[in-house]
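> Need the 3D shape of this:
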Amino acid sequence: MSNPLLNPQDDRFARRKLPADGSNPFQERDEAYENAAITPAPDVPREEYQMVYGHRGGFLATLAGVGLAMQLLIVLSFFSLSIMWVGLALAGGFPGLVALVLAAQDIRAMRAGAMNPEGLGLTRSAYWMGLMTTVFTMLIFLGIVLLIVYFLF
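Here you go, the predicted model:
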(Lines give C-alpha, C1' and ligand atoms only; values in the text may rest on other atoms or scores of the structure.)
Protein backbone atom coordinates (compact mmCIF):
# COMPACT_ATOMS: atom_id res chain seq x y z
CA MET A 1 0.00 0.00 0.00
CA SER A 2 1.31 3.40 -0.90
CA ASN A 3 -0.76 5.36 1.62
CA PRO A 4 0.68 4.96 5.15
CA LEU A 5 -2.65 5.94 6.70
CA LEU A 6 -4.23 2.82 5.25
CA ASN A 7 -1.57 0.54 6.73
CA PRO A 8 -2.72 -0.70 10.17
CA GLN A 9 0.82 -1.89 11.01
CA ASP A 10 2.05 1.72 10.92
CA ASP A 11 3.60 2.94 14.18
CA ARG A 12 1.13 5.81 14.39
CA PHE A 13 -1.69 3.31 14.96
CA ALA A 14 0.10 1.45 17.76
CA ARG A 15 -1.53 1.68 21.14
CA ARG A 16 0.61 3.79 23.44
CA LYS A 17 1.32 2.64 26.94
CA LEU A 18 0.66 5.03 29.80
CA PRO A 19 3.69 6.11 31.83
CA ALA A 20 4.30 4.19 35.04
CA ASP A 21 4.72 7.37 37.11
CA GLY A 22 1.05 8.28 36.59
CA SER A 23 1.68 11.49 34.65
CA ASN A 24 -0.78 12.56 31.99
CA PRO A 25 0.73 12.12 28.52
CA PHE A 26 -1.98 14.30 26.99
CA GLN A 27 -1.38 17.45 29.01
CA GLU A 28 -0.24 20.53 27.14
CA ARG A 29 3.41 21.31 27.50
CA ASP A 30 6.17 22.51 25.23
CA GLU A 31 7.74 19.06 24.85
CA ALA A 32 4.49 17.76 23.37
CA TYR A 33 4.65 20.38 20.63
CA GLU A 34 8.32 19.69 19.97
CA ASN A 35 7.75 15.94 19.67
CA ALA A 36 4.61 16.26 17.56
CA ALA A 37 4.69 15.37 13.89
CA ILE A 38 3.19 18.76 13.00
CA THR A 39 4.76 21.71 14.77
CA PRO A 40 3.50 25.28 14.61
CA ALA A 41 5.26 27.69 12.30
CA PRO A 42 8.33 29.16 14.03
CA ASP A 43 7.57 32.74 12.96
CA VAL A 44 4.07 32.76 14.53
CA PRO A 45 4.02 32.53 18.33
CA ARG A 46 1.22 30.43 19.84
CA GLU A 47 0.27 33.16 22.32
CA GLU A 48 -1.26 35.29 19.55
CA TYR A 49 -3.93 32.74 18.71
CA GLN A 50 -7.39 33.46 20.04
CA MET A 51 -8.76 30.34 21.66
CA VAL A 52 -12.13 31.85 22.65
CA TYR A 53 -14.51 33.59 20.26
CA GLY A 54 -15.75 37.07 21.09
CA HIS A 55 -19.37 37.48 22.11
CA ARG A 56 -22.13 38.86 19.82
CA GLY A 57 -24.41 39.97 22.63
CA GLY A 58 -24.84 43.54 21.37
CA PHE A 59 -25.66 42.42 17.84
CA LEU A 60 -28.15 39.83 19.05
CA ALA A 61 -29.82 42.26 21.45
CA THR A 62 -30.20 44.80 18.63
CA LEU A 63 -31.58 42.17 16.28
CA ALA A 64 -34.07 40.92 18.86
CA GLY A 65 -35.00 44.48 19.82
CA VAL A 66 -35.82 45.41 16.24
CA GLY A 67 -38.00 42.33 15.86
CA LEU A 68 -39.75 42.98 19.18
CA ALA A 69 -40.35 46.64 18.30
CA MET A 70 -41.93 45.64 14.99
CA GLN A 71 -44.18 43.13 16.73
CA LEU A 72 -45.24 45.68 19.33
CA LEU A 73 -46.11 48.13 16.53
CA ILE A 74 -48.37 45.48 15.05
CA VAL A 75 -50.04 44.87 18.42
CA LEU A 76 -50.54 48.62 18.97
CA SER A 77 -52.03 49.05 15.50
CA PHE A 78 -54.26 46.00 15.91
CA PHE A 79 -57.50 47.92 15.47
CA SER A 80 -56.51 49.46 12.15
CA LEU A 81 -57.33 46.13 10.41
CA SER A 82 -54.62 46.64 7.83
CA ILE A 83 -53.37 44.01 5.40
CA MET A 84 -49.81 45.08 6.21
CA TRP A 85 -50.05 42.97 9.39
CA VAL A 86 -48.91 39.87 7.54
CA GLY A 87 -45.87 41.60 6.07
CA LEU A 88 -44.94 43.28 9.34
CA ALA A 89 -45.44 40.08 11.28
CA LEU A 90 -43.10 38.25 8.93
CA ALA A 91 -40.61 41.13 8.89
CA GLY A 92 -40.61 41.35 12.68
CA GLY A 93 -40.72 37.63 13.34
CA PHE A 94 -37.70 36.79 11.21
CA PRO A 95 -35.08 38.84 13.13
CA GLY A 96 -36.57 37.69 16.42
CA LEU A 97 -36.34 34.04 15.42
CA VAL A 98 -32.77 34.47 14.16
CA ALA A 99 -31.81 36.19 17.43
CA LEU A 100 -33.46 33.39 19.42
CA VAL A 101 -31.54 30.63 17.62
CA LEU A 102 -28.18 32.43 17.61
CA ALA A 103 -28.50 33.47 21.26
CA ALA A 104 -29.26 29.89 22.28
CA GLN A 105 -26.13 28.71 20.44
CA ASP A 106 -24.01 31.46 21.99
CA ILE A 107 -25.22 30.72 25.52
CA ARG A 108 -24.34 27.06 24.98
CA ALA A 109 -20.89 28.06 23.67
CA MET A 110 -20.32 30.39 26.65
CA ARG A 111 -21.16 27.60 29.09
CA ALA A 112 -18.74 25.29 27.28
CA GLY A 113 -15.98 27.92 27.43
CA ALA A 114 -15.69 28.35 23.66
CA MET A 115 -17.03 31.93 23.70
CA ASN A 116 -16.19 34.96 25.83
CA PRO A 117 -18.69 34.93 28.74
CA GLU A 118 -18.46 38.72 29.12
CA GLY A 119 -21.59 39.21 26.98
CA LEU A 120 -23.71 36.59 28.71
CA GLY A 121 -26.18 39.15 30.09
CA LEU A 122 -26.77 40.74 26.68
CA THR A 123 -27.06 37.34 25.05
CA ARG A 124 -29.61 36.16 27.61
CA SER A 125 -31.68 39.31 27.12
CA ALA A 126 -31.50 38.77 23.35
CA TYR A 127 -32.68 35.19 23.89
CA TRP A 128 -35.72 36.29 25.90
CA MET A 129 -36.57 39.14 23.51
CA GLY A 130 -36.29 36.73 20.59
CA LEU A 131 -38.56 34.29 22.41
CA MET A 132 -41.13 37.03 23.07
CA THR A 133 -40.94 38.10 19.42
CA THR A 134 -41.52 34.53 18.25
CA VAL A 135 -44.50 34.11 20.59
CA PHE A 136 -45.95 37.47 19.47
CA THR A 137 -45.54 36.41 15.85
CA MET A 138 -47.44 33.18 16.47
CA LEU A 139 -50.20 35.03 18.32
CA ILE A 140 -50.49 37.62 15.56
CA PHE A 141 -50.79 34.94 12.89
CA LEU A 142 -53.36 33.13 15.01
CA GLY A 143 -55.29 36.39 15.34
CA ILE A 144 -55.15 37.01 11.60
CA VAL A 145 -56.41 33.50 10.87
CA LEU A 146 -59.23 33.89 13.40
CA LEU A 147 -60.24 37.24 11.88
CA ILE A 148 -60.24 35.76 8.38
CA VAL A 149 -62.36 32.81 9.54
CA TYR A 150 -64.73 35.16 11.43
CA PHE A 151 -65.30 37.44 8.45
CA LEU A 152 -65.59 34.65 5.88
CA PHE A 153 -68.09 32.50 7.75
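> Can you name the next helix or strand after the helix or strand bottoming out on mean pLDDT in the chain?
None of the helices or strands of the chain scores lower by mean pLDDT, DSSP states H and E than helix 30-35, at a mean of 53. Using DSSP states H and E, the helix or strand that directly follows helix 30-35 along the chain is helix 57-76.
> which intervals of the protein have sub-threshold pLDDT?
The chain contains residues with pLDDT under 70 at 1-8, 10-16, 18, 22, 24-51, 78-85.
> In terms of helices and strands, where is residue 96?
Residue 96 belongs to helix 84-112, assigned by DSSP H and E.
> Name the next helix or strand downstream of that helix, please.
On the C-terminal side of helix 84-112, the nearest following helix or strand under DSSP H and E is helix 120-152.
> what angle sits between that next one and helix 57-76?
Helix 120-152 and helix 57-76 are oriented at 20 degrees to each other (axes from the mean of the first three to the mean of the last three C-alpha atoms, to 10 degrees).
> What residues of helix 120-152 count as buried?
Residues of helix 120-152 classed as buried: 120, 122-127, 129-134, 136-137, 140 (neighbour count, 16 or more other C-beta atoms under 10 Å). (Glycine included, C-beta is placed from N, CA and C.)
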